[in-house]
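S.K.: need coordinates for the below:
(2 chains)
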Amino acid sequence: MANEYKTGSETIGAAGAKSKMTLFKDDRAEDIGSIIVTVLIVAVIVVMNMK
Amino acid sequence: MSSESPGFFRQLPSAIPGLALIIITMVVIRFWIEPWMGDTVILGQKGWLIKVTHLNYILLGIICGMLYRNVIFGGTMPEIFSNGFKLSRLMIKTGIIMLGSLYTFSAIVQLGSMAIFLIGGFVILTIIMVLWLGKVFGLDRSMTGVMANALSICGVSAAVATAPAVEAKASHVAYAIATILGFGILTMFISPFIGHALNLTDLQYGAWIGTGILNSGQVLAAALAFNPNVAPGTAVSVAEIWNIMRVISIPFAVFAITVWYWAGKDSADNTGKKKSLGTLLVEKFPVFVIGFMAMVFLTSMGAFGDVGLKGGPPASDTIKMLRLVMQWVFGFGLVGLGGFIDFKELRQAGGTPLKLGLIVGTTKYVLALIVVLLIKDSLVAI
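M.R.: Take a look at the predicted model:
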């Protein structure tokens, strides 16, 4: 039952290509991607608010 | 393992239609639907829809995502939108890292050891209770992990933060959020009556609901319902700082649940190659949590200017803009998350998660009140 429950296309953290809910290779790559995106957003905001 | 995947940057152009749908949805919600709800008069009261249902852009975003998948597209996300919705987790993780800009280490120190001990104790006890009940009820391991952190910390953020670490599906997160919000709506209405009936002070009431109510927004609402004044020492100022303390434990709780999940999963899988705790930590540690901690550190160091804590100087323009962008990023991510919630799966899972949520939520709510009454003379106002 537990296995049935996990098949499908929306397993958030699954590593298999079919069950991924991310465009990244895996969770670790997505984590690093989110850190990079945050750094970019923060950098833009800090620059915009520089006096 | 997933080497068939064509790579992030090659797939990115195909994500544009889905991303556009997510962005348009959130823009419509924030610029048209929310203002309309605030202006509409129902039962002679302006803004009744917001005041009574407490629907906000986050909940509306999740609902829209769910409607896209389950109603408009008939149960499956069309190929053209699919890759755009797959960016939702990236946005949620980005929002969680930015959430670190809400906190400073100095605010935590002001709380005092009694508060920290009480909040930490409740977080740990709740996690233990959920893991135990999850086993008793035979609940899916991912679902149990998400519920453990959702019920022990601050609800929605904790559920979302834990989900990637325990292979949770969107429906698991949806269950956890539905349970928390359902329980929270109930406690939000009855808490002020109980507080006044027991003659609680603002300090006692704030400490109780900051510990006992699961969702941050509802903690705020319940505090203002008890005493609408916003000033240092009022119910809302106490409840919020207690709640912040609880939220700060998210990365630690995610870490603990990740270790629990993978340790149990590996033995359940019976693969014959048992991994050490160190290997598990290295392989499965959600790296975005380090980003969150780095953000708290930078905020504490004053890298973005004044934070705007109650009683202190107002928040800097940088902090204000960070929080505004964070709201949008969360909004986009949660529309995407809604798009992965499948009604068929919610029906399949039955009512066990709800039963577990109600048992644990009620226990925590009542126990928090008893403990606050027992230690009322030791509580420290900040």
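S.K.: what ranges does the chain have for its strands?
M.R.: Reading this off chain A. Remark: no strands are assigned in chain A by DSSP state E.
S.K.: sorry, should have said chain B
M.R.: B:41-42, B:45-46.
S.K.: let's have those in a markdown table, adding mean neighbour count, distance to chain A and mean pLDDT.
M.R.: Every residue, glycine included, has its C-beta placed from N, CA and C. Conversion of these to a markdown table gives the following (neighbours: other CB atoms under 10 Å in any protein chain shown; distance: least, CB to the nearest CB, whole Å; pLDDT from 0 to 100):
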| stretch | mean neighbour count | distance to chain A | mean pLDDT |
| --- | --- | --- | --- |
| strand B:41-42 | 11 | 36 | 85 |
| strand B:45-46 | 12 | 34 | 82 |
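S.K.: skipping adjacent residues, who's closest to B:Pro313 in space?
M.R.: Take B:Pro313 and drop its neighbours on the chain: the residue closest to it by CB to CB, 6 or more residues apart in numbering or on different chains is B:Asp306, 4.4 Å away.
S.K.: what are the buried residues along stretch B:359-375?
M.R.: Across stretch B:359-375, burial judged by 16 or more other CB atoms under 10 Å in any protein chain shown covers B:Val360, B:Gly361, B:Thr363, B:Lys364, B:Tyr365, B:Ala368, B:Leu369, B:Val371, B:Val372.
S.K.: one more: stretch B:130-146?
M.R.: B:Val130, B:Leu131, B:Leu133, B:Gly134, B:Leu139, B:Asp140, B:Arg141, B:Ser142, B:Met143, B:Thr144, B:Gly145, B:Val146.
S.K.: residues in contact with it?
M.R.: A:2, A:5-6, A:13, B:147-148, B:151-152, B:159, B:162-163, B:165-169, B:172-173, B:175-176, B:257, B:260-261, B:264-265, B:268, B:349, B:352-353, B:355-356, B:359-360 (CB atoms under 8 Å, 6 or more residues apart in numbering or on different chains).
S.K.: now with 6 Å?
M.R.: With CB atoms under 6 Å, 6 or more residues apart in numbering or on different chains as the test, stretch B:130-146 has contacts from A:2, A:5, B:147-148, B:151, B:159, B:162-163, B:166-168, B:172, B:176, B:257, B:261, B:352-353, B:356, B:360.
S.K.: swap in stretch B:8-19?
M.R.: Against stretch B:8-19 from outside (CB under 6 Å, 6+ apart): A:Leu23, A:Phe24, B:Ile80, B:Phe81, B:Asn83, B:Gly84, B:Phe85, B:Leu87.
S.K.: for it, buried residues please.
M.R.: Applying a neighbour-count criterion of 16+ other CB under 10 Å, one finds B:Phe8, B:Ser14, B:Ala15, B:Pro17, B:Gly18, B:Leu19 buried in stretch B:8-19.
S.K.: in helices only, show me the residues you listed.
M.R.: Of the positions in those, B:Phe8, B:Pro17, B:Gly18, B:Leu19 sit in helices, assigned by DSSP state H.
S.K.: please point out which parts of the longest helix anywhere in chain A sit buried.
M.R.: Longest helix of chain A, by residue count under DSSP H: helix A:27-48. Buried residues in helix A:27-48, counted by 16+ other CB under 10 Å: A:Asp27, A:Ala29, A:Glu30, A:Asp31, A:Gly33, A:Ser34, A:Ile35, A:Val37, A:Thr38, A:Ile41, A:Val42, A:Ile45.
S.K.: adding pLDDT and distance to B:Ile33, write those residues out as TSV.
M.R.: Output for the buried residues of helix A:27-48, formatted as TSV (pLDDT from 0 to 100; distance: CB to CB, whole Å):
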residue	pLDDT	distance to B:Ile33
A:Asp27	77	33
A:Ala29	90	35
A:Glu30	89	30
A:Asp31	88	32
A:Gly33	95	30
A:Ser34	94	28
A:Ile35	96	32
A:Val37	97	27
A:Thr38	97	28
A:Ile41	97	25
A:Val42	96	29
A:Ile45	96	27
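S.K.: neighbours of residue 51, how many?
M.R.: In the absence of a named chain, chain A is used. 3 (other CB atoms under 10 Å in any protein chain shown).
S.K.: wait, I meant chain B there
M.R.: When neighbours are counted by other CB under 10 Å, B:Lys51 comes out with 13.
S.K.: residues in contact with it?
M.R.: Taking CB under 6 Å, 6+ apart as the definition, B:Lys51 has no contacts.
S.K.: hmm, try it at 8 Å
M.R.: Residues in contact with B:Lys51 (CB under 8 Å, 6+ apart) are B:Gln45.
S.K.: ok, now how distant is B:Val28 from chain A?
M.R.: 23 Å (CB to the nearest CB, to the nearest Å).
S.K.: export the buried residues of stretch B:359-375 to JSON lines and tack on distance to B:Ala115 and pLDDT?
M.R.: As requested, those are exported to JSON lines (distance: CB to CB, whole Å; pLDDT from 0 to 100):
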{"residue": "B:Val360", "distance to B:Ala115": "22", "pLDDT": "93"}
{"residue": "B:Gly361", "distance to B:Ala115": "21", "pLDDT": "91"}
{"residue": "B:Thr363", "distance to B:Ala115": "20", "pLDDT": "95"}
{"residue": "B:Lys364", "distance to B:Ala115": "16", "pLDDT": "93"}
{"residue": "B:Tyr365", "distance to B:Ala115": "18", "pLDDT": "94"}
{"residue": "B:Ala368", "distance to B:Ala115": "12", "pLDDT": "94"}
{"residue": "B:Leu369", "distance to B:Ala115": "16", "pLDDT": "95"}
{"residue": "B:Val371", "distance to B:Ala115": "11", "pLDDT": "93"}
{"residue": "B:Val372", "distance to B:Ala115": "11", "pLDDT": "91"}
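S.K.: nearest to chain A, of the residues you listed?
M.R.: Using CB to the nearest CB, B:Val360 is the member of the buried residues of stretch B:359-375 that lies nearest chain A, at 21.4 Å.
S.K.: surely the closest one meets B:Thr126?
M.R.: Yes. Under the contact definition of CB atoms under 8 Å, B:Val360 touches B:Thr126, with a separation of 6.3 Å.
S.K.: give me the common contacts of the two.
M.R.: In contact with both B:Val360 and B:Thr126: B:Leu151, using CB under 8 Å, 6+ apart.
S.K.: what number of residues lie near B:Ala256?
M.R.: 19.
S.K.: need the contact list for the residue nearest to it when sequence neighbours are not counted.
M.R.: Excluding its sequence neighbours, the residue lying closest to B:Ala256 (CB to CB, 6+ apart) is B:Ile127, at 6.9 Å. B:Ile127 is in contact with B:Ala148, B:Asn149, B:Ser152, B:Ala253, B:Ala256, B:Ile257, counting by CB under 8 Å, 6+ apart.
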